[in-house]
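>>> just need the structure, nothing else, for what follows:
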Amino acid sequence: MAKNKTTETEGSVVDFINAVNDVVKRNDAFEITKIIQETSGFEPKMWGPAIIGFGSYHYKYASGHEGDAPLVAFSPRKAAISLYIYTSPENRDEFLSKLGKHKASKGCIYIKKLSDIDIDVLKKMVSLSLENLKKLYPSN
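Presented below is the predicted three-dimensional model:
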């Protein structure tokens, strides 16, 4: 079985964010960290070399693959800020339509800058992500 590449590390969140070259993205990363920390109640931790995660849960798929993942996470990548927020299929489109300027894939939401989105919608999405994952993985 393959080992997960993205695991919690002892890396410094502050050092990682300070190394972001783009000043707007760097400032946004500090603000997103603050928003998610206040909303979730979890301290930020580095997951792998480039993801800032909050809280964690243990998953196990029917295939037998299992591991740990952050409940909510983001990464200030070069092209965009990637938000890893679990939205259930029932409310995903509704929240994304209210979020603001973004792109989305199955597992990620991409924003260019924090000022492009509605912070209150982001906070609600973070809260719902925590609720959804705690329902899906109640043993955590």
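
>>> would you map the strands across the chain?
Assigned by DSSP state E, the chain shows strands spanning 44-47, 51-54, 57-60, 66-69, 72-76, 81-84, 103-104, 109-111.

>>> lowest-confidence stretch among these?
Here the lowest mean pLDDT among the strands of the chain goes to strand 57-60, at a mean of 85.

>>> returning to what we had before: of all the strands of the chain, which one is nearest residue 32?
Taking CB to CB, strand 72-76 is the member of these nearest to residue 32, at 5.6 Å. Where you see a C-beta, it was placed from the backbone N, CA and C, and this is true even at glycine.

>>> all helices in the protein, in order from the N-terminus.
13-18, 23-40, 92-99, 119-136 (DSSP state H).

>>> what packs against the second one?
Using 3 or more CB pairs under 8 Å, 6 or more residues apart in numbering; DSSP states H and E as the contact criterion, the secondary-structure elements in contact with helix 23-40 are helix 13-18, strand 44-47, strand 51-54, strand 72-76, strand 81-84, helix 119-136.

>>> got JSON lines for these, with distance to residue 105 too?
Formatted as JSON lines, the helices and strands packed on helix 23-40 follow (distance: least, CB to CB, whole Å):
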{"stretch": "helix 13-18", "distance to residue 105": "23"}
{"stretch": "strand 44-47", "distance to residue 105": "18"}
{"stretch": "strand 51-54", "distance to residue 105": "16"}
{"stretch": "strand 72-76", "distance to residue 105": "14"}
{"stretch": "strand 81-84", "distance to residue 105": "9"}
{"stretch": "helix 119-136", "distance to residue 105": "15"}
